[in-house]
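*Asks:* 3D model of this:
(2 chains)
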Amino acid sequence: MILTNLEIISFNIAFTLSTLSTAGYLSSLLVKRVKLAKISTWILAFAFGSLTVNLLFALINSSVLINPGSRDFLSLCAWSVCAVYLALQFKTKTRVLGAFISPFILLFMIAAAGEASGKSLLPQNLQNWLTTMHLFCVIMGEALFVIASCAGLMFIMQNSLLKNKKLSRTSRLLPSLSDLDRINHICLLGGFPVLSLGIIAGAVFAGISWQSGWLTDPKVIWTFAGWVIYGFLLHQRLAIGWKGYRMAVFSGVAFVFLLLSYGSVRLCFSTLHNFI
Amino acid sequence: MIVLTGLNHKTASVAVREKIFAGCQEKKDLLPSLLAINGMEEVLYLSTCNRVEIIASVAEDSDALKDVKDFLAQNGGLNQSEAADRFYEYRGEEAVRHIFRVASSLDSMVMGEAQILGQVKEAYREALEKYATGVVLNRLMHCSFRTAKRVRSETGIAVNPVSVSHAAVELAKKIFGSLEGKIILLIGAGEMAELTGQQLIERGAQSIIIANRSLVQAELLAEKFHGEAALLDTLEKKLIEADIVISSTGSTGFIVTANMLKKIHHQRKNRLLFLIDIAVPRDIEPETSELENVYLYNIDNLQDIVDENMHVRKKEAIKAEIIIDEEVARFVNWQKELESVPTIISLRNKAEEIVQAEMEKAAGWLGSLTKENQEKVEILVNSIVNKVLHSPVTVLKEESSEFSSRDIVAAVRRLFRLD
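*Replies:* As a prediction, the model looks like this:
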């Protein structure tokens, strides 16, 4: 009972702190103060700590590792994005990037807050380690692509300001072009193998469990198309030497595709992934 | 009373400033000579390339300020009428405001520059070493340092660069983040290009290549930067290596063209390229700016950034003046408190507060006494406190008419933590 209470308290703290940090990051963009973004990064770091505690309690309370589709799972997604972003901070110190990423973390947290802890959203027959791995890797991979695209978007903004010979407050607030390009590179490089692993895990499970029919599932087709697009981008970067502006623009296009695919699948099609 | 006199870039030409500066530098016993002036209590001598100023604490109704001005004029070889036009003087609150503005770089030629605070600190250090300062100037200088620090941290007066070379460095940082490992290519050997190159190297750029029509001149400059010299004929090859290009030749045509950059695009592996064209007529074709990952700035673009930054600094100066007003008021208050009466009152109040607090603490066991005994204890405590305070209060009253009372007042305020 005490452990359950502590789990709820730590989640609530993490939720409040991530809301505060998102508000801080967005305000830093509005008032153009890096200091506010720095404070928000610290708040997010505390939210991350609190979420880590929450997940540890969830782990102790729950009989299975992490129940796919439960609050714990969504918390884990928020935790993962947070971990990737904070790790990037050590490398590049581009705190304003948080204004683009923290809303995604908050979205995961809001989704998590709507679910009961420990209760699985997945049908019983889909609860196994392959689906857990599939879900986690796919979400992590796509989260990394989201960060890559956010960096690309900021690159386009900074590029346009510098090309127009404007060293405005916005330009001073945004990270340097090189840093943004590096974030894009790191996230593509990390996101692609993780998403690949997720897709493979899903395919293996579907092959064993569903045997046929899953290959034509709209969600599978769209996800595969997204994977191909990001694979293409990674190829162009590593093999052809795309850098900077072109990479940023194509990352933006890929991101729009990702959003469209998610939206259209959710709204227009009935798929095997309807439970998510 | 605090007084200040001197001249600066606004009131005197560099030739006059030089004369005064040289005159003062030659005088080895400058501070002792100033201290010897009738009515002089404390003194500090500040000299930079843009100003020579004497800040002093003098006895009220003395002619010390006039004597200081004559002293400076005499040392600089100026006659009285020349001196009258060029020397400014401030008294009391205005003198305090002036030194706060100077330390905060609001009175500097380039507003917001950082050097002046170091120079003021150095002047104070010298005065301290010669025992030329006392209670008033020590406090004044510490307040001026605090004011300058507040102005720098609470306003954006020193945030944006206001020189072309600094603006170029800031842009380079916005493009590359860190300048570590970056290669700079200087085309031509102009002074401004050299200065910008120097600043980029100081901020971590890896190496410098100097391409010039005359290899001898290029080698001379390359030696200075420990860089590489090259002829202009090899420019295309050198552009492949470069991350930052600074061009300042006297050529009438374009030296770096869009076609040239398109040709080496693949060899450069699409790396970001920052082009700075400070030549007039321009050396770099404007169309290069349209190429992907290429950022071109000419001298006008850089000057526009500098002008905009200067404008921002002027706006920030308004905020700085408010901070200075606050600090001047604070200092003037402290000065007033140096008179003995407010200190005696503060001392008595403090003693009373202590008695009250202790009586409240002892209320538990005092309550067990009869009312009569309680009153006796109270009388006893007050009597002890009055006896303890009697001597300091008497000394403060006795010395209040003397100048030395300020030292005593300052000491009492410090001993009893009255500030």
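*Asks:* quick one, phi psi at B:D63?
*Replies:* Backbone dihedrals for B:D63, given as degrees, to the nearest 10, come out at phi -100, psi 20.
*Asks:* wouldn't it be in contact with B:K69 here?
*Replies:* No: using CB atoms under 8 Å, B:D63 makes no contact with B:K69, being 10.1 Å away. C-beta coordinates here come from the backbone N, C-alpha and C atoms, glycine included.
*Asks:* show me which of those two is the more surrounded one.
*Replies:* Between B:D63 and B:K69, counted using other CB atoms under 10 Å in any protein chain shown, B:K69 has the larger neighbour count: 22 against 13.
*Asks:* can you pull the contacts of that one?
*Replies:* Each residue near B:K69 by CB atoms under 8 Å, 6 or more residues apart in numbering or on different chains is listed here: B:T5, B:A83, B:F87, B:E89.
*Asks:* for the host helix or strand of it, which positions count as buried?
*Replies:* In this assignment (DSSP states H and E), B:K69 forms part of helix B:64-76. Neighbour counts using 16 or more other CB atoms under 10 Å in any protein chain shown place B:A64, B:L65, B:D67, B:V68, B:K69, B:D70, B:F71, B:L72, B:A73, B:N75, B:G76 of helix B:64-76 among the buried residues.
*Asks:* let's have those residues in CSV, adding pLDDT and distance to B:I354.
*Replies:* Below are these laid out as CSV (pLDDT from 0 to 100; distance: CB to CB, whole Å):
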residue, pLDDT, distance to B:I354
B:A64, 86, 42
B:L65, 86, 44
B:D67, 88, 47
B:V68, 87, 45
B:K69, 86, 49
B:D70, 86, 52
B:F71, 86, 50
B:L72, 84, 50
B:A73, 85, 55
B:N75, 80, 54
B:G76, 78, 56
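*Asks:* for B:N259, give its distance to B:I210.
*Replies:* With distances taken as CB to CB, to the nearest Å, B:N259 is found 24 Å from B:I210.
*Asks:* which of those two has more residues huddled nearby?
*Replies:* Neighbours per residue (other CB under 10 Å) separate B:N259 from B:I210, with B:I210 holding more: 28 against 10.
*Asks:* just checking: what are the partner strands of whichever strand or helix holds the more buried one?
*Replies:* Using DSSP H and E, B:I210 maps to strand B:207-212. Its sheet considered, strand B:207-212 pairs with strand B:183-187 (parallel), strand B:228-231 (parallel) by DSSP bridges.
*Asks:* chain center to the last one: distance?
*Replies:* On the basis of CA atoms, centre = their mean, to the nearest Å, strand B:228-231 is displaced by 40 Å from the centre of the chain it belongs to.
*Asks:* the helix or strand that comes right after it packs against which elements?
*Replies:* The helix or strand immediately downstream of strand B:228-231 is helix B:235-241, counting by DSSP H and E. Counting by 3 or more CB pairs under 8 Å, 6 or more residues apart in numbering or on different chains; DSSP states H and E, the packing neighbours recorded for helix B:235-241 are strand B:183-187, strand B:207-212, helix B:258-263.
*Asks:* the last one and chain A in contact?
*Replies:* It refers to helix B:258-263. No: if you take CB under 8 Å from any CB of the partner chain as the test, helix B:258-263 misses chain A, and the best it gets is 14.0 Å.
*Asks:* quick check: buried residues in the top helix by length along chain A?
*Replies:* In chain A, with assignment by DSSP state H, the single longest helix is helix A:129-163. Residues A:130-155, A:158-159, A:161-162 are the ones in helix A:129-163 that count as buried (16+ other CB under 10 Å).
*Asks:* could you do stretch B:406-419 as well?
*Replies:* B:R406, B:I408, B:V409, B:A410, B:V412, B:R413, B:L418.
*Asks:* out of these, which sit inside helices?
*Replies:* Taking DSSP H as the definition of helices, the buried residues of stretch B:406-419 contribute B:R406, B:I408, B:V409, B:A410, B:V412, B:R413.
*Asks:* pretty sure the last one sits against B:L396.
*Replies:* Same thing as B:R413. No: B:R413 is not in contact with B:L396 according to CB under 8 Å; the separation is 10.4 Å.
*Asks:* between these two, what contacts are shared?
*Replies:* Shared contacts of B:R413 and B:L396 (CB under 8 Å, 6+ apart): B:T343.
*Asks:* tell me, how many residues neighbour B:D300?
*Replies:* Neighbour tally, B:D300, other CB under 10 Å: 13.
*Asks:* can you tell me the element it falls in?
*Replies:* Assigned by DSSP H and E, B:D300 belongs to helix B:299-337.
*Asks:* and chain B, which residues reach chain A?
*Replies:* B:160, B:167, B:170-171, B:173-178, B:266, B:269-272, B:289, B:292-293, B:295, B:297, B:301, B:304-305, B:308.
*Asks:* same thing but 7 Å
*Replies:* For chain B, the contact set with chain A under CB under 7 Å from any CB of the partner chain comprises B:170-171, B:173-177, B:269-272, B:289, B:292-293, B:295, B:297, B:301, B:304-305.
*Asks:* what residues does stretch B:16-26 touch?
*Replies:* Residues from elsewhere that reach stretch B:16-26, judged by CB atoms under 7 Å, 6 or more residues apart in numbering or on different chains: B:L7, B:L30, B:Y45, B:S47, B:V52, B:L72, B:N75, B:G76, B:G77, B:R86.
*Asks:* still on that earlier bit, I'd like the distance from the helix holding B:K69 to the chain centre, please.
*Replies:* That offset, for helix B:64-76, works out to 26 Å (CA atoms, centre = their mean).
*Asks:* quick one: mean pLDDT for the helix or strand just after that helix?
*Replies:* Downstream of helix B:64-76, the next assigned helix or strand under DSSP H and E is helix B:80-86. Averaging pLDDT along helix B:80-86 gives 77.
*Asks:* deepest-packed of the helices and strands packed on helix B:235-241, please.
*Replies:* Neighbour counts (mean count of other CB atoms under 10 Å in any protein chain shown) averaged over each of those peak at strand B:183-187, with a mean of 26.
*Asks:* surely A:D179 and A:T94 touch.
*Replies:* Yes: using CB atoms under 7 Å, A:D179 is in contact with A:T94, at 5.1 Å.
*Asks:* nothing else from me, thank you.
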